[in-house]
Structures are given as C-alpha cells and as structure tokens.
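1. Predicted model follows, preceded by the sequence.
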Amino acid sequence: MPSRVYDAVVVGGGHNGLTCAAYLAAAGRSVCVLERRGVVGGAAVTEEFHPGFRNSTASYTVSLLHPKVIRDLELATHGLTVVERPLANFLPLSARDGDYLKVGGGLEATQREVARHSRRDAEALPAYYAMLDRVAAVLRDLLLATPPNVGGGIPALLDAWKVARRFRLLDLAGQRDVLDLFTKSAGDVLDRWFESAPIKAAFGFDSIVGNYASPYTPGSAYVLLHHVFGEVNGKPGQWGHAIGGMGAITQAMAKACAARGVEIRTGAPVARVLLKGGRASGVALESGEVVEGGRIVANVNPKLLFERLVPPEHLPEDFRARIAAYRCGSGTFRMNVALSALPDFTALPGDGPHLCSGIIMAPSLAYMERAYFDAKSTGWSRAPVVEVLIPSLVDDSLAPPGMHVASLFCQHVHPDLPAVCRGRTWDDARDAVADLMIDTVAGFAPNFRDTIVGRRVLSPLDLEREFGLVGGDIFHGALSLDQLFSARPVLGHGSYRTPIDGLYLCGSGTHPGGGVTGVPGHNAAREVLRDARRRG
C-alpha cells in the first residue's frame with residue numbers, strides 16, 4: 001500500500017517535468033517526480049561518453065529557455081551559467097576551396113559577409129531581421145498563454161479574444177508576415193527575400209532542424225520561426241552554451257525542486273496510469289509499486305502517454321484515433337565524438353571564432369531538399385545535413401587538456417527505415433550511417449576522421465528507447481499547423497488537460513512545442529493550480 005498521497009505526481013523528470021514540479025511546489029503542493037532513467041534531465045543531460053570526455057547527450061545548445069523560468073526557478077543561483085556564441089553560424093560552402101559564410105557577430109559583420117555573395121542580399125538583411133523580430137514578438141507574447149480550448153465555453157471564448165487581439169495590433173503588412181511564416185515553406189519565404197544560395201542556406205537550416213521535411217515543405221517557415229524566438233542573457237535571437245553541458249540546466253532545475261521540497265525518484269519507470277471513478281488517481285511503476293496523487297502530470301510524448309500508459313477504454317474513440325494519427329518523427333541522427341585535435345576546415349583553415357559557432361554542412365536549400373527526398377526513398381541521405389558544435393572551446397570541463405568534444409546534429413534520416421532497406425533496423429544501420437556522417441564532415445575538414453578517439457551514436461530508434469522520443473522526434477510531435485497551439489496535441493485538448501479528469505500533459509507535445517524552453521511545464525503548472533483552486 002502506498003504510504004503517502006501527493007498533491008501531484010509528475011511522470012518524467014525532463015526539463016518540463018522539473019519546471020512544472022518546481023512551480024507546483026512553490027505554491028505549497030506536495031510533489032513527486034518519477035524518472036525512468038538513473039539521472040534526471042530527460043533529453044537535456046550531460047554524460048560521459050568516452051573516458052574523460054563529457055558532453056550533452058541529446059539536446060545540445062541553449063537559446064529557447066524562457067527568461068521567466070530562469071528567474072522564477074533561480075537557475076543562476078543553483079549553478080547555471082550560459083555563454084553566448086561569438087558567431088551564430090559558419091557555413092563552409094565548398095569542400096575544395098575557401099568559399100564560406102559567417103553569420104553573427106552583429107548586423108554589420110553579417111552584412112559584410114553576405115555582400116561577398118550578394119550586395120542586394122546584404123542590403124535586405126535589416127528589413128528581413130525586422131520582419132522576423134515583429135513576428136517573433138507575437139510568438140513570444142503567446143508562449144506563456146494557455147491556448148483556448150474549442151468547446152470550452154465562455155472562458156475559452158475570452159482566451160480566444162485575447163489571442164486574436166495580439167494579431168490585430170499588427171498592421172496589415174505584419175499580419176501578412178505572420179500568415180506567411182505560419183503557413184508557407186521556408187524556401188518560398190527566403191526566395192522572396194534573397195537571391196544568393198549561402199544566406200538562404202544559413203537561415204533555411206533552422207527550418208529543417210528536427211523537422212523531417214524539405215525546406216520547401218509548406219509549414220517549414222514556422223519551424224524556422226520557432227528557432228529564432230529565444231534569447232541568451234537578455235539578448236534576443238542569440239544562441240549559447242550551458243557551462244557543464246545541457247545537463248547543467250536540468251541539474252539546476254533539480255536543485256530548485258529540492259529546495260522547494262519536491263521528491264525526485266530516479267530509476268522509477270511508470271508502467272501505467274491508474275484511475276479511480278474515471279479520474280486519474282496515481283501510477284503503477286514497473287516494479288509494481290503504486291504512487292498515488294491528487295493530480296497526475298505527464299511529461300512524455302502524447303503518443304507514449306495515451307497509447308502505452310493509459311488504458312484505451314478510458315479514452316474517447318475519436319481522441320484515440322487522433323492520437324494514433326499524431327505525427328512524430330524528426331529524421332534526426334545524433335552523435336558525440338571525442339577529438340584529439342580541432343577540425344581544420346579547408347574553407348577557413350586554423351582556429352578562430354568560426355569554430356565556436358554552429359558549423360553547418362549544407363551549402364544550399366537545394367542540398368537540403370535532396371537530403372530529405374533521398375532519406376525518404378532510401379532510409380538516409382547519402383549527402384546529409386550536419387551541424388557541428390565544439391562546446392569544449394568555451395567549456396574546458398568537458399574534455400582533457402588539449403582535447404575536445406564535438407556534437408554532431410545530423411539530418412536527414414528516415415525515422416522508420418522504408419521497405420527498400422529489406423528488413424534492416426536502425427540497430428543494423430547505425431554504425432554505417434555514423435561513418436557517413438563523419439565522412440560528410442571530413443569532406444569539409446579533411447583531418448576530422450583522424451582526430452576522433454571515441455564516439456557515441458544515437459539513431460532515431462536509440463532516441464526513442466533512451467529518452468522516450470517517439471520516432472526520434474525531438475519536439476514530441478511535428479510542428480505543423482495542425483499540431484500547434486489549440487491543436488497540440490489534439491483540438492479540444494490544447495489547454496494541458498486531457499480527456500481524463502486529473503490527468504495533465506506538461507511536455508513538448510503541448511503548446512508551444514519543442515526545444516528546451518520550460519514553457520510547457522510553466523503553463524501546465526498554472527492550469528493544474530487553477531483546477532485545484534476551483535475544487536477547493
């Protein structure tokens with residue numbers, strides 16, 4: 001028999017689960033967090049992957065973590081330090097000569113870089129950035145809002161009016177920009193603004209990160225927008241590194257939880273959600289132990305929750321069908337490598353600020369589109385998109401002296417290998433595809449392969465098994481118009497509540513979607529507390 005009934009039980013100790021737990025505890029609620037793995041953090045963890053070498057295992061860079069969450073949880077007090085990249089991105093454009101593009105370091109510096117390829121594009125940059133800022137400001141304004149629920153009565157109507165008002169404050173040109181970025185492809189938007197392939201590639205990369213699609217897929221412009229609404233140390237649109245890796249974020253969150261009295265249990269996988277009288281009343285662990293709670297808050301992919309942890313007879317038939325059709329699958333292949341020396345890029349040899357940026361091997365939108373269609377038809381792209389980060393250049397705690405770690409974030413691979421692969425699984429293909437990713441980087445930095453002394457490889461299947469990312473989906477579901485805002489994960493249940501009384505969602509499968517933001521956890525806690533107050 002359970003010895004204690006908590007006010008709330010949080011299933012999953014990823015960053016959103018920890019955020020939600022911290023807010024609930026701050027309001028005086030008793031909270032227990034149950035994490036399947038041996039360490040909290042979900043996909044935002046730092047682990048040793050080769051003797052003496054540590055790195056962020058899955059999530060790998062920081063920008064979208066909301067400043068309110070940072071302040072409210074006092075993450076800096078609990079040890080979090082984030083440093084900015086000196087440059088946003090470096091794109092070696094050719095494996096044979098010195099053609100490259102650097103983005104970041106200020107508007108004027110970026111304009112000088114872009115002008116080497118197109119003076120017209122350099123002149124267009126200020127207006128493009130201003131357009132993005134206007135639309136991103138609308139998105140930022142909606143982040144902490146609970147989406148209005150269809151069929152939710154007068155309160156939902158009022159919420160819908162507040163949301164519509166944010167858009168009406170824009171002028172007509174601004175409203176058109178919002179429509180473009182929410183519905184069109186990134187390629188269509190970028191082709192209208194720019195003429196040169198390098199700058200379109202630099203911006204278009206954000207539209208396929210974690211998005212199994214071509215940059216010319218309708219809706220990919222929103223994914224681009226989703227990646228630019230963040231900030232680092234109060235500077236909008238910047239990207240940075242958490243000292244100690246992404247695990248430093250979730251370890252600081254765990255300390256915030258502990259300071260507020262949250263009980264965190266690791267090695268506690270949940271087998272199913274328990275119901276009593278049609279209401280969620282607790283969970284059963286795989287060990288058979290029961291943990292009871294007044295409210296159950298799930299920080300897991302919606303498909304995982306409703307198809308594996310909740311008995312189907314407790315869900316409406318149409319809801320089950322919608323969850324079955326909920327699209328997951330990032331097309332992401334993740335690697336960490338231990339290096340004896342820094343990569344030396346043919347396009348820009350030697351050390352320099354470019355090595356501290358996001359280094360993107362994808363010289364054009366056409367290259368990215370070919371990568372997608374290749375993966376869709378054959379299982380993985382023969383010329384994949386690879387981003388390399390070398391966090392040890394700004395954080396020497398990650399590798400032995402004189403050595404380095406690098407993150408490889410690779411697109412595109414098929415989340416589920418197609419029939420052409422003749423029964424092969426990702427367990428069969430993992431190492432061959434990892435070699436291909438390394439060869440792709442070595443095509444631009446010839447010494448790269450010879451500097452590798454160790455590696456850890458995560459295929460889409462590994463990401464699902466290790467972190468519960470269904471289909472390897474880093475966003476807990478595609479960021480498409482039919483799976484956003486009030487429709488995330490299902491229209492009528494976009495307010496963090498589920499069809500089961502007392503059962504809530506607080507993960508990236510809710511508004512505003514993926515990334516290490518803490519926002520779903522923040523918003524879900526608010527709704528849990530609202531319901532608790534209404535019940536008295």
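-> Ah, there it is.
2. give me the low-pLDDT residue ranges for the stretch 101-250 of the chain?
-> Residues of the stretch 101-250 of the chain meeting the criterion pLDDT under 70: 150-165.
3. again, 90 this time
-> 105, 133-142, 145, 148-176, 178-179, 181-182, 210, 225-239 (pLDDT under 90).
4. Please enumerate the helices of it.
-> For the stretch 101-250 of the chain, the helices defined by DSSP state H, counting those that start in this stretch occupy 107-115, 119-143, 153-168, 172-183, 186-193, 197-204, 220-226, 247-259.
5. I'd like to know how far residue 45 sits from residue 186.
-> According to CB to CB, to the nearest Å, residue 45 and residue 186 sit 30 Å apart. Bear in mind the C-beta positions are built from the backbone N, C-alpha and C, glycine included.
6. Quick one, grab the pLDDT at residue 534.
-> Residue 534 carries a pLDDT value of 85.
7. For residue 201, give me its contacts.
-> Residues in contact with residue 201 (CB atoms under 8 Å, 6 or more residues apart in numbering) are 91, 101, 360, 362-365, 367-368.
8. Can you lay out the helices of the stretch 101-250 of the chain as a markdown table showing distance to residue 273?
-> Formatted as a markdown table, the helices of the stretch 101-250 of the chain follow (distance: least, CB to CB, whole Å):
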| stretch | distance to residue 273 |
| --- | --- |
| helix 107-115 | 49 |
| helix 119-143 | 28 |
| helix 153-168 | 25 |
| helix 172-183 | 34 |
| helix 186-193 | 38 |
| helix 197-204 | 41 |
| helix 220-226 | 30 |
| helix 247-259 | 22 |
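9. Residue 522: which of those is closest?
-> Checking the helices of the stretch 101-250 of the chain against residue 522 by CB to CB gives helix 119-143 as the closest, at 8.9 Å.
10. Are there helices or strands packed against the closest one, and which ones?
-> Packing partners of helix 119-143 (3 or more CB pairs under 8 Å, 6 or more residues apart in numbering; DSSP states H and E): helix 107-115, helix 153-168, helix 172-183, helix 220-226.
11. let's go with 10 Å and repeat that
-> helix 107-115, helix 153-168, helix 172-183, helix 186-193, helix 197-204, helix 220-226, strand 235-236, helix 519-535 (3 or more CB pairs under 10 Å, 6 or more residues apart in numbering; DSSP states H and E).
12. Let's have the ones you listed in a markdown table, adding distance to residue 487.
-> A markdown table is the format used below for the helices and strands packed on helix 119-143 (distance: least, CB to CB, whole Å):
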| stretch | distance to residue 487 |
| --- | --- |
| helix 107-115 | 36 |
| helix 153-168 | 13 |
| helix 172-183 | 12 |
| helix 186-193 | 21 |
| helix 197-204 | 25 |
| helix 220-226 | 13 |
| strand 235-236 | 27 |
| helix 519-535 | 15 |
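13. Distance of residue 16 relative to residue 199?
-> Distance, residue 16 to residue 199, using CB to CB: 34 Å.
14. Of those two, which one has the most company?
-> Comparing residue 16 with residue 199 by other CB atoms under 10 Å, the one with more neighbours is residue 16, at 34 against 25.
15. so who does the more buried one touch?
-> Neighbour list for residue 16: 10, 42, 44, 69, 253, 297, 299-300, 476, 505-510, 516-525 [criterion: CB atoms under 10 Å, 6 or more residues apart in numbering].
16. Swap in 8 Å and give it another go.
-> Counted by CB under 8 Å, 6+ apart, residue 16 has contacts 42, 299, 506-508, 517-518, 520-521, 524.
17. go on, residue 64?
-> By CB under 8 Å, 6+ apart, the contact set of residue 64 is 227, 229-230, 515-517.
18. What distance do you get for it to residue 473?
-> Distance of residue 64 to residue 473, given as CB to CB: 16 Å.
19. what's the answer for residue 526, then?
-> Going from residue 526 to residue 473 by CB to CB gives 26 Å.
20. One more: residue 269?
-> For residue 269, the distance to residue 473 (CB to CB) stands at 20 Å.
21. Give me the more crowded residue out of the two.
-> More neighbours surround residue 473 than the other of residue 269 and residue 473, with 28 against 13 (other CB under 10 Å).
22. So the more buried one sits against residue 211, correct?
-> No. Using CB atoms under 8 Å, residue 473 makes no contact with residue 211, being 9.7 Å away.
23. so what sits against both of the two?
-> Contacts common to residue 473 and residue 211, judged by CB under 8 Å, 6+ apart, are residue 330.
24. residues in contact with the helix or strand containing residue 368?
-> Per DSSP states H and E: residue 368 is located in helix 365-378. With CB under 8 Å, 6+ apart as the test, helix 365-378 has contacts from 186-187, 190, 197, 200-201, 204-205, 208, 212-217, 331, 362, 380-385, 411-414, 418, 420-421.
25. For the stretch 401-536 of the chain, which segments count as helices?
-> 426-442, 448-451, 460-467, 519-535.
26. Show me which residues of the third one are buried.
-> To tie it back to what came earlier, the one meant is helix 460-467. 460-464, 466-467 (16 or more other CB atoms under 10 Å).
27. which ones are touching the residue most central in space within the chain?
-> The residue lying closest to the centre of the chain (CA atoms, centre = their mean) is residue 515, at 2.7 Å. Neighbouring residues of residue 515 by CB under 8 Å, 6+ apart: 64, 226-227, 230, 475, 508.
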